[in-house]
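>>> Quick one, what's the 3D model for this:
(chains A and B)
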Amino acid sequence: DGGITQSPKYLFRKEGQNVTLSCEQNLNHDAMYWYRQDPGQGLRLIYYSQIVNDFQKGDIAEGYSVSREKKESFPLTVTSAQKNPTAFYLCASSFGAEAFFGQGTRLTVV
Amino acid sequence: AQSVTQPDIHITVSEGASLELRCNYSYGATPYLFWYVQSPGQGLQLLLKYFSGDTLVQGIKGFEAEFKRSQSSFNLRKPSVHWSDAAEYFCAVVGAGNNRKLIWGLGTSLAVNP
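Predicted coordinates for the structure are as follows:
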């Protein structure tokens, strides 16, 4: 089945460590997105990529980094510079205007 | 700037009652509009979308939405709510420009009483 796979579903890290969240899609979509979700704040865009080897900052990119070396993959690294990294992270891809979402990764930093 | 407003943060309805979730947008041209649903701890699933044509659109799970240009609204409705409809609902509009990023409302949390 085609879709978007985020792994792991739950992730725990110590403060000060970098951590990478995986996002893979087999929908053959050009565009991919990373969102952060906190209670009551909706979805906030971290980074997006419209084509391989190119990506742009979203609204809250500070403390995050991404790469897009393959069409299928768009990993997100949460760096130690992110002051409040504990959150639910959603990856999406799109064909035209419609977005398709993964099941999310809940990151907890202790 | 484009924006999406969902005026109701939280709504509680009884099972079997009708439901209307409000969505207002700010956008200069004809928008592409979406409603998504999110169950706790899950990703978002598309309920329905409006691009053009008939202003009343049907979606999955018995939902429908009506685009009203004069009111800049795209309200979501369901005639009879089921307990399994309890979830977070998000309205979104595609922004202007070539990047076609989605602009999101803050969501409406729906609780269903038995």
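
>>> When you work out contacts or count neighbours from here on, use the C-alpha atoms and nothing else.
Fine.

>>> How many residues are close by residue A:20?
Applying other Cα atoms under 10 Å in any protein chain shown, we find 16 residues neighbouring residue A:20.

>>> And residue 90, which helix or strand is it part of?
No chain was given, so I picked chain A. Element membership of residue A:90 [criterion: DSSP states H and E] is strand A:87-95.

>>> Not quite, go with chain B.
Short version, using DSSP H and E: residue B:90 is in strand B:87-94.

>>> tell me, what residue is most central in chain A?
Closest to where the C-alpha atoms of chain A average out (Cα atoms, centre = their mean) is residue A:34, at 3.3 Å.

>>> Could you list which residues are in contact with that residue?
Residue A:34 makes contacts with A:45, A:46, A:47, A:48, A:76, A:89, A:90, A:91, A:92, as judged by Cα atoms under 8 Å, 6 or more residues apart in numbering or on different chains.

>>> so is it in a helix, a strand, or just coil?
Secondary structure for residue A:34, judged by DSSP: H, G, I helix; E, B strand; the rest coil, is strand.

>>> Give me the nearest residue to it, chain neighbours excluded.
Of all residues not flanking residue A:34 in the chain, residue A:91 sits nearest, at 4.6 Å (Cα to Cα, 6 or more residues apart in numbering or on different chains).

>>> For the one you found, the count of nearby residues, please.
Residue A:91 has 32 neighbouring residues, counting by other Cα under 10 Å.

>>> Ok, residue A:19 next?
Using other Cα under 10 Å, residue A:19 has 19 other residues around it.

>>> thought it was touching residue A:13?
Yes - using Cα atoms under 8 Å, residue A:19 makes contact with residue A:13 at a distance of 7.4 Å.

>>> so how far is chain B from residue A:44?
Applying Cα to the nearest Cα, to the nearest Å, the value for residue A:44 to chain B is 8 Å.

>>> And the contacts of residue A:34, which two are furthest apart?
A:48 and A:89 (13.4 Å; Cα to Cα).

>>> Who does the helix or strand bottoming out on mean pLDDT in chain B pair with, and is each partner parallel or antiparallel?
In chain B, no helix or strand scores lower on mean pLDDT, DSSP states H and E than strand B:102-104, which sits at a mean of 91. Paired neighbours of strand B:102-104 in the sheet (DSSP bridges): strand B:87-94 (antiparallel).

>>> Next, the contact list for the spatially closest residue to residue B:43 that is not a sequence neighbour, please.
Leaving out its chain neighbours, the residue that sits closest to residue B:43 by Cα to Cα, 6+ apart is residue A:103, at 4.1 Å. Residue A:103 is in contact with A:4, A:5, A:6, A:9, A:90, B:41, B:42, B:43, B:44, counting by Cα under 8 Å, 6+ apart.

>>> what residues does the least confident helix or strand of chain B touch?
With Cα under 8 Å, 6+ apart as the test, strand B:102-104 has contacts from A:42, A:43, A:97, B:2, B:3, B:4, B:90, B:91, B:92, B:93, B:94, B:95.
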